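Chemist: structure here, sequence nowhere to be found:
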């Protein structure tokens with residue numbers, strides 16, 4: 001297309017880029033529709049950014065500008081919170097349409113939790129009601145409204161079922177943590193009910209409602225496209241107002257990041273800041289299942305007695321080869337990963353006892369599972385203290401590579417007491433999950449400990465994502481690199497998956513046997529695993 005044929009940029013588009021920067025600190029390129037586009041064309045996302053058509057006919061002035069803001073904010077919510085891409089293969093068209101509705105509602109709910117004012121921006125466009133009938137399109141629109149507007153009470157049993165599946169409470173405030181396969185299963189259950197009602201559905205004429213929502217094409221990949229990247233151009237500007245000066249940051253707070261595309265570490269790439277949670281109220285110990293503390297202490301003592309793989313026992317030369325170290329070094333070298341050249345072993349004394357770092361995922365996507373993670377962290381911190389381990393407890397979240405926050409719950413040498421429990425339960429779910437940087441920060445702390453056993457336990461789903469990275473697998477590869485580097489220093493690494501998740505993300509990062517699902521506190525002692 002020649003430049004003269006491009007549609008002029010509507011006046012409202014000029015304010016959308018700074019608007020999205022204020023909301024989420026992202027700036028996707030925004031393109032107007034090309035001439036000849038259908039009047040009812042929906043917004044859509046591609047590799048090139050957000051394509052925004054003119055507002056629907058009849059909207060002018062302030063109403064048109066509000067529609068554009070609603071559309072841009074919704075698309076940006078996908079870029080921030082939609083971390084999984086869906087394959088169409090084997091998914092019925094009805095299920096695909098329902099996944100669209102559920103994923104739209106999920107990302108908007110997460111966005112509203114962070115920015116409550118978005119509720120009014122979006123709900124004004126939901127006008128579906130029982131008067132629209134009980135056809136397929138009408139029921140989908142009514143379900144979309146029921147999931148977006150707590151004040152809307154739809155009488156249809158199917159809509160009520162969808163709302164009950166989606167929310168964990170009657171008030172419609174606590175969203176189900178379902179993502180990926182779990183979201184598809186929810187959509188399949190609702191689709192089965194529609195099939196029983198003999199609903200007619202034509203995917204060729206289907207349009208997502210309300211009109212401000214994009215068509216979700218970028219969420220669905222053809223089988224041959226499953227490795228394609230997400231839309232680029234969304235990274236926060238390094239020159240944004242208020243961005244910290246990297247030269248002024250103490251070196252111990254800067255960490256590298258593994259870029260699998262170039263096969264090397266980007267030096268001093270990510271910035272960590274430690275903060276204290278607030279407000280903090282001293283808290284009594286929570287009630288726990290009978291025998292839990294005894295079982296945890298016994299498991300921890302078995303860990304200390306297990307044969308040690310401390311890096312201090314390895315040497316560059318000697319009379320005895322460390323077969324495990326030699327195999328690890330050879331494998332890492334062939335994969336172009338950093339490796340420990342100390343492949344010999346010589347006797348070395350190590351202080352008895354253990355050192356542990358409990359790292360808690362407090363990103364926005366962990367909100368539903370955070371109560372269990374905090375309860376597990378409280379039980380484990382108490383057991384570690386009782387077993388004589390040195391313990392550090394921190395939560396983490398991120399807003400891009402320059403803003404990885406570690407929340408200090410318990411520092412090395414501190415007692416696990418009521419104020420520490422208060423700091424733990426002051427943690428709140430927010431923002432993103434730059435896991436590799438948090439793991440490196442924790443590893444640095446553990447590497448300085450002279451204990452005979454050093455362990456890091458991650459409490460979370462290990463699903464790495466951040467607002468400035470939109471390439472699938474990039475941050476997972478970085479986290480896997482951080483895990484391997486820590487293990488080469490003799491530090492045990494293990495993920496305790498407290499989320500309603502299949503654990504696949506944790507398995508990819510921590511390797512076979514490096515993770516375990518924890519669905520209740522009773523499962524915690526067995527989930528601690530071995531030396532890691």
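Modeler: Here it is on my side, so go on. Keep in mind that this is a model prediction, so the values were computed, not measured.
Chemist: would you mark the buried spots in stretch 431-451?
Modeler: Of all the residues in stretch 431-451, those buried under the rule 16 or more other Cβ atoms under 10 Å are 431-443, 445-446, 449, 451. Backbone N, C-alpha and C define where each C-beta goes, glycine included.
Chemist: tell me the domain ranges of this structure?
Modeler: Taking automatic domain parsing as the reference, the chain has its domains at 3-225, 270-308+352-527.
Chemist: low-confidence regions, this structure specifically.
Modeler: Residues of the chain that meet the criterion pLDDT under 70 lie in 1-12, 34-40, 83-84, 177-180, 222-252, 279-287, 304-316, 319, 346-353, 530-532.
Chemist: need the longest strand for it.
Modeler: The strand spanning the most residues in the chain, taking DSSP state E as the definition, is strand 264-275.
Chemist: determine the set of other helices and strands touching that strand.
Modeler: When contacts are defined as 3 or more Cβ pairs under 8 Å, 6 or more residues apart in numbering; DSSP states H and E, strand 264-275 sits against strand 254-259, strand 404-410, helix 435-447.
Chemist: of these, which approaches residue 135 most closely?
Modeler: Residue 135 lies closest to helix 435-447 among those, at 44.6 Å (Cβ to Cβ).
Chemist: between that closest one and strand 264-275, how big is the angle?
Modeler: For helix 435-447 and strand 264-275, the angle between their directions (axes from the mean of the first three to the mean of the last three Cα atoms, to 10 degrees) works out to 70 degrees.
Chemist: any residues touching helix 435-447, and which ones?
Modeler: Residues outside helix 435-447 that contact it (Cβ atoms under 8 Å, 6 or more residues apart in numbering) are 252, 255-258, 270, 272, 355, 357, 359, 361, 392, 394, 396, 398, 401, 404, 406, 412, 454-456, 458, 462, 464, 475, 478-479, 481-483, 485-486, 489, 491, 493, 509.
Chemist: then stretch 258-278?
Modeler: For stretch 258-278, contacts defined as Cβ under 8 Å, 6+ apart pick out 244, 246, 249, 251, 253-257, 336, 338, 394-395, 401-409, 423-424, 426-427, 434, 436-438, 441, 473-474, 477-478, 481-482.
Chemist: hang on, residue 406 packs against residue 392?
Modeler: No - contact criterion Cβ atoms under 8 Å: residue 406 and residue 392 do not qualify, at 10.0 Å.
Chemist: where's the nearest residue to residue 134 once chain neighbours are set aside relative to residue 103, distance?
Modeler: Beyond its immediate neighbours in the sequence, the residue positioned closest to residue 134 (Cβ to Cβ, 6 or more residues apart in numbering) is residue 156, lying 6.9 Å away. Summarising the geometry, the distance separating residue 156 from residue 103, computed by Cβ to Cβ, to the nearest Å, is 21 Å.
Chemist: same deal with residue 459?
Modeler: 26 Å.
Chemist: more neighbours, these two?
Modeler: Per other Cβ atoms under 10 Å, whichever of residue 459 and residue 103 has more neighbours is residue 459, with 28 against 22.
Chemist: partners of that one in the sheet?
Modeler: With DSSP bridges as the criterion, residue 459 is bridged to residue 360, residue 496.
Chemist: list the contacts for it?
Modeler: Applying Cβ under 8 Å, 6+ apart, one finds that residue 459 lies in contact with 358-361, 373, 376-377, 496, 498, 518.
Chemist: list the contacts of residue 292.
Modeler: The contact partners of residue 292, taken as Cβ under 8 Å, 6+ apart, are 379, 521-522, 524-525.
Chemist: hmm, back to that, quick one, which of the contacts of helix 435-447 are buried?
Modeler: Listed as buried from these are 255-258, 270, 272, 355, 357, 359, 361, 392, 394, 396, 398, 401, 404, 406, 454-456, 458, 462, 464, 475, 478-479, 481-483, 485-486, 489, 491, 493, 509; burial here means 16+ other Cβ under 10 Å.
Chemist: and the strands in the stretch 251-400 of the chain?
Modeler: Across the stretch 251-400 of the chain, reading from the start of the chain, the strands by DSSP state E, counting those that start in this stretch fall at 254-259, 264-275, 314-315, 344-345, 354-361, 390-398.
Chemist: can you tell me how far residue 463 is from residue 333?
Modeler: In this view, residue 463 and residue 333 are 29 Å apart by Cβ to Cβ.
Chemist: tell me which of these two has more neighbours.
Modeler: With neighbours defined as other Cβ under 10 Å, residue 463 and residue 333 compare such that residue 463 has more, 26 against 12.
Chemist: so the more buried one sits right up against residue 365, yeah?
Modeler: Yes - assessed by Cβ under 8 Å, residue 463 is found in contact with residue 365 at 7.0 Å.
Chemist: how deep is residue 46 tucked in, by neighbour count?
Modeler: The local packing of residue 46 (other Cβ under 10 Å) involves 13 other residues.
Chemist: residue 218 is in contact with that one, correct?
Modeler: Yes - counting by Cβ under 8 Å, residue 218 is a contact partner of residue 46 at 6.4 Å.
Chemist: for the residue lying closest to residue 266 once chain neighbours are set aside, which residues are in contact?
Modeler: Closest residue to residue 266 apart from its sequence neighbours, by Cβ to Cβ, 6+ apart: residue 257 at 5.0 Å. Counting by Cβ under 8 Å, 6+ apart, residue 257 makes contact with 265-266, 269-270, 401, 436-437, 478.
Chemist: no further queries at this time; thank you.
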